[in-house]
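**Student:** Please find the sequence and the predicted model below.
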Amino acid sequence: MTLSTFEDLSNRVFRIPINQRGYAWKRGNFEALIRDMEVAENLPVNKKHYVGPIVVEDTGQQIQTNRLRDLNIVSLEDGQQRVTTLMIVSKYLSSRLLNEFHPGSPEWTTGNQLEECYKYTPQGAGRDEPLLQNLNVNFDLMIKHILIGGAVPALNSPPLNRLNDMKTIVEGWVSLIPKTELQRWAQRVMNSLLFSLIGLTNVNKFLAFDAINSRGISLSILDKVKNFCCLVYDVRGIGGSAPERKWILALEILQAAGCQSQGQEDTFISDLFSVHHRTLVRPREVHEKMVEVYGELLYHTNPILQARLEGFVEEWDQYAKSFGFVQTRDRTPFYPAGADPLCNADAEREMIRIDNLNYTDISRLLLTNCHRRFSSADYSTAASLIEKFVFRVYAVVNKKTDTHRTNLAKAASSVYYGSDVDYVKEIICYLLHLPSTGAPMSAVIAKLGNGDIKYTWANGGWDRCFYFLYEFETRVGGAPYMWINDSPTQKASMEHILPQSRDRGYWDAQWPDELEFRDHKHRLGNLVLTRDTASNAYLGQKNIHDKITDPLGRYDFTNGTNSEGQIHVHADAYGVRQWRPENILHREIKLLRWAAERWRIDCCADQDTIALPEEFQENGTHVEIAHGITNHCIDETDPVWPPVVENIHE
C-alpha cells in the first residue's frame, strides 16, 4: 500500500472490470468531494487530507505515450466513483485553463499537467485516449464522450444517467469558478487529497475487500458472498459460470426491477441462501454461514460440497428475476401487457391484491420460489392461495407477522427443490387449521361478524377494512373502482350509512338508544365505499331516503359505486325503507356469505357449514353459511416436510 495524490494516481490507466457496479454518485457526493478539497487546503503544509483507498490489481500490461510516459494498466477494483469524478473535474478545469490563458503561462502549464490526469496519446497514434476505461461497452462510450469527445451512448440505465448528470453538474460548477481561482482549484484536485493505493494479488483480493470494508467502504452482503465465491472458485479452479458474471447479471436484473438498494440485495441473497440450504438465515448472517458451510473448499477437495456451491451460484440471476418480480414497487412491465411479461392475467390480479394487502414480507419467500419454479398457471393458483392465507391469518385473525415464518420457509425450500402447487395447497390447508395459530373459515367469519369496530380510523378499528370493502366493491361488478394507497383518502372514501355522529333530527329519531347507535355505526354492514371525498361529504348526515335517491338529482347511492347501488335492497328488506340494526345485519349477512366464498380454499374443513352469531336472523331463523363442495377436498393432515440441513429457527 502506498499513499498517493490524484496526480500520482494518474500515472496509470484504470480499467473498470465488467463485474463492477455502475456509476452511483449524485450531486451530494460531488459537493462532499469539493468540501474535502477545501478542508485539505487549510491543513498545515506537511499534512494531507486522507479520503480513502483506491484498490487496483495489476494486469501486467503497459502502454507508452507519445510523451514517452509508460502507463501501467490496472484493474480498478474499488474507487471507481472518486476516480471517475476527479477525471471529469480535471477535464473541465484543464479545458478552461488551456483556453483562457496564454501558452507558457503558469496557469496554462498547470492546465497541461491537469490534462495528463485524465487522458493520454498513445505512441504513434494521433488521437487521445482516456486514462479511464470500462469493460462495459456503454459505460466506456460514455466515459470517452465526457473525457475526449465522441458519440453519446443510449442512456438506458440509471448508472449511465447518473454519469451524464455528473458531467452536467461538474461542467456547471467549473463554469462558475472565477478565472483567478482556476489554477488554485487545479492544484487542489491534483495534490490536496491523499489516497491509499492498494495493490492486490489473485488470491488475496477477495479477502481484502472485507478488511477494506471495516475501514469504511460499504459492501453489501451480496458483494461479500460474491467475493468469497470468487475466492473458492479460484482456489478450486472451477470453470463454467463464474460468480462475477452471475453477480453482475443479478445486479442488472434487480436494478431493472427497482430493487437495487443494499437492503434489497441483502434480502435477495439471504432468501436464496435459505432455500438453497434448507435453512433460514437473516441477511447479516449469510456471509458467516457461507464461510462456515464452504470454507472447507479453501483447503480440501469435496465434490459434493463443490457441486452444491456451484448450484447456488448458478441460481443468482434467475432467482433475482423472480425476487425482483415479487418485490418491485412497479410490476407493470412484468404483467402480460408489459415489455417483459413474467406472469399471466390471473397472477397479475392476485399480485395486485397481495400488494394492496401490504404483507409482502410475510409472503415474499414462498411467492418468489413459486414464481421461480411453477408454470404461469400454477403460479397464479399459488398466488391466490397465498393471498387467502395471508388475509385470513394476519389481516383478520390478527396473528403476529412471524407466525408460521418457519413453516413458510420450509415450504418455500420444498418448492425450490421441486414440490408442486398441490403441495402448496396441502401446506396452506394444514397451516390454516392448526389449533392455536391457524385461521379456519369459521374463525374468520366469526371475527368479521362479531360486532367489533371495523372502521379503521376509530379507536380499536380494523386496519384492513378498506381492503375488504374494496374487494367486495370490485367483485360486485359494474364501473371499476381504483385502489387508493394513502390513508387520508381511504378514510374520506369510506361512507357510514348510519352517520358517525347524531344529527338532532332524522337519525336521532331512528336511533334513540345511544348504546345501540354506538354499537352499530362502525360495524361492517354499515360501511361502504363511496366514489370520492366530495361524494362522501355530500352524503353527510342525510336521511336514508335522500342517500338512496337524492331529491336534487345529484350524488346518491343509486348512481354511486357498485356497492352503494345495492344499499336499497337492504334498506327495503323489512317492508319499509329504513336503516335500523336489522338492516345493517341484513347487509352484513350478505358481506359474510360473500367473504366465505371469496377466501375459502379447497380444504375439507373450509367446506363445513358456518353458523353465524345468534343476532343474525332471516325470517326468524338463525342464519348459517352453507357448506362448500366437499368432493376432492384437501385433508388438513400434517404434510411431509422437506429435510433440513440445520434447524430452521424463528
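**Tutor:** That came in fine, so what should we check first?

**Student:** my guess is Tyr50 meets Val39, correct?
**Tutor:** No. With contact defined as Cβ atoms under 8 Å, Tyr50 does not reach Val39; the gap is 10.8 Å. All C-beta spots, glycine's among them, are computed from the backbone N, C-alpha and C.

**Student:** Quick check: buried residues in the helix or strand Gln264 falls within?
**Tutor:** Element membership for Gln264, per DSSP states H and E: helix 262-276. Of the residues in helix 262-276, 264-276 count as buried by neighbour count, 16 or more other Cβ atoms under 10 Å.

**Student:** hmm, who's touching the next helix or strand after it?
**Tutor:** Once helix 262-276 ends, the next helix or strand along the chain (criterion: DSSP H and E) is helix 286-294. The contact list for helix 286-294, computed with Cβ atoms under 8 Å, 6 or more residues apart in numbering, reads 221, 224-225, 228-229, 232, 266, 269-270, 273, 277, 279, 281, 305, 309.

**Student:** Tell me the one of the buried residues of helix 262-276 nearest Trp483?
**Tutor:** Gln264 (23.5 Å; Cβ to Cβ).

**Student:** and that closest one, how far is that from Arg331?
**Tutor:** 15 Å (Cβ to Cβ, to the nearest Å).

**Student:** Next, count neighbours for Ala337.
**Tutor:** The tally of other residues near Ala337 (other Cβ atoms under 10 Å) stands at 9.

**Student:** SS state for it?
**Tutor:** With DSSP: H, G, I helix; E, B strand; the rest coil as the basis, Ala337 sits in coil.

**Student:** Between helix 286-294 and the helix holding Gln264, find me the angle.
**Tutor:** Here helix 262-276 points in a direction 30 degrees away from that of helix 286-294 (axes from the mean of the first three to the mean of the last three Cα atoms, to 10 degrees).

**Student:** Figure out how far helix 262-276 is from the centre of its chain.
**Tutor:** Relative to its chain's centre, helix 262-276 lies at 12 Å (Cα atoms, centre = their mean, to the nearest Å).

**Student:** export that helix as PDB, just CAs?
**Tutor:** This file holds the C-alpha atoms of helix 262-276, laid out as PDB (Å, rounded to 0.1, in the frame of the first residue of the first chain):
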ATOM      1  CA  GLN A 262     -28.400  -2.500  -0.400                       C
ATOM      2  CA  GLY A 263     -31.200  -3.700   1.800                       C
ATOM      3  CA  GLN A 264     -33.000  -5.400  -1.100                       C
ATOM      4  CA  GLU A 265     -29.700  -7.000  -2.300                       C
ATOM      5  CA  ASP A 266     -29.100  -8.400   1.200                       C
ATOM      6  CA  THR A 267     -32.600  -9.800   1.400                       C
ATOM      7  CA  PHE A 268     -32.300 -11.400  -2.000                       C
ATOM      8  CA  ILE A 269     -29.100 -13.300  -1.200                       C
ATOM      9  CA  SER A 270     -30.300 -14.300   2.300                       C
ATOM     10  CA  ASP A 271     -33.500 -15.600   0.800                       C
ATOM     11  CA  LEU A 272     -31.700 -17.600  -1.800                       C
ATOM     12  CA  PHE A 273     -29.200 -18.900   0.700                       C
ATOM     13  CA  SER A 274     -32.100 -20.000   2.900                       C
ATOM     14  CA  VAL A 275     -34.000 -22.000   0.400                       C
ATOM     15  CA  HIS A 276     -30.900 -23.500  -1.300                       C
END
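
**Student:** quick one: buried residues of the one helix or strand Leu86 maps to?
**Tutor:** Using DSSP H and E, Leu86 sits within helix 80-100. Buried residues in helix 80-100, counted by 16+ other Cβ under 10 Å: 80-94, 96-98.

**Student:** can I assume Val74 sits in a strand?
**Tutor:** Yes. The assignment for Val74 (three-state DSSP) places it in a strand.

**Student:** Low-confidence stretches in the stretch 351-500 of the chain?
**Tutor:** By pLDDT under 70, the low-scoring segments of the stretch 351-500 of the chain are 476-479.

**Student:** Which residue ranges of it form strands?
**Tutor:** Taking DSSP state E, counting those that start in this stretch to define them, one finds strands in the stretch 351-500 of the chain at 494-496.

**Student:** re the thing from before, max pairwise distance over the contacts of helix 286-294: which two?
**Tutor:** Going by Cβ to Cβ, the pair spanning those furthest: Asp266 and Leu305, at 24.1 Å.

**Student:** that older thread, tell me what the helix holding Leu86 is packed against?
**Tutor:** helix 6-9, helix 27-41, strand 49-64, helix 106-115, strand 132-134, helix 137-148, helix 158-175, helix 182-187 (3 or more Cβ pairs under 8 Å, 6 or more residues apart in numbering; DSSP states H and E).

**Student:** again, 7 Å this time
**Tutor:** With contacts defined as 3 or more Cβ pairs under 7 Å, 6 or more residues apart in numbering; DSSP states H and E, the packing partners of helix 80-100 are helix 27-41, helix 106-115, strand 132-134, helix 137-148, helix 158-175, helix 182-187.

**Student:** Let me see the mean pLDDT of the first one.
**Tutor:** Meaning helix 27-41. Mean pLDDT, helix 27-41: 87.

**Student:** From the contact counts, what lies against it?
**Tutor:** Counting contacts by 3+ Cβ pairs under 7 Å, 6+ apart, helix 27-41 packs against strand 49-64, helix 80-100, helix 158-175, strand 193-199.

**Student:** Reduced to three states, what does the most far-flung residue of the chain relative to its centre come out as?
**Tutor:** Within the chain, Gly104 marks the point farthest from the mean C-alpha position, 56.2 Å out by Cα atoms, centre = their mean. For Gly104, the assignment made with three-state DSSP gives coil.

**Student:** Need the phi and psi values for Arg308.
**Tutor:** Backbone torsions for Arg308, taken as degrees, to the nearest 10, come to phi -70, psi -40.

**Student:** what sits against it?
**Tutor:** Residues near Arg308 by Cβ atoms under 7 Å, 6 or more residues apart in numbering: none.

**Student:** same check, this time on Asn536
**Tutor:** Ala492, Ser493, Glu495, Thr530.

**Student:** wait, isn't Ile589 in contact with Phe616?
**Tutor:** Yes. Between Ile589 and Phe616 there is a contact under Cβ atoms under 7 Å: 5.7 Å.

**Student:** okay, and the common contacts of these two?
**Tutor:** In contact with both Ile589 and Phe616: Val623, using Cβ under 7 Å, 6+ apart.

**Student:** element containing the residue nearest to Lys590 when sequence neighbours are not counted, please.
**Tutor:** Once flanking residues are discounted, Lys590 sits nearest to His570: 7.4 Å by Cβ to Cβ, 6 or more residues apart in numbering. In this structure, His570 is located in helix 567-571 according to DSSP H and E.

**Student:** counting contacts, what elements does that helix pack onto?
**Tutor:** Under the contact criterion of 3+ Cβ pairs under 7 Å, 6+ apart, helix 567-571 touches helix 544-548, helix 581-598.

**Student:** Now tabulate these in a markdown table and tack on mean pLDDT.
**Tutor:** As requested, these are exported to a markdown table (pLDDT from 0 to 100):
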| stretch | mean pLDDT |
| --- | --- |
| helix 544-548 | 97 |
| helix 581-598 | 95 |
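
**Student:** what pairs with Pro53 across the strands?
**Tutor:** Ser196 (DSSP bridges).

**Student:** what residue ranges in the stretch 101-250 of the chain are flagged as low confidence?
**Tutor:** In the stretch 101-250 of the chain, residues with pLDDT under 70: 201-218, 240-241.

**Student:** can we see that at 90?
**Tutor:** 121-127, 135-139, 149-161, 191-221, 223-224, 226-228, 230-245, 247-249 (pLDDT under 90).
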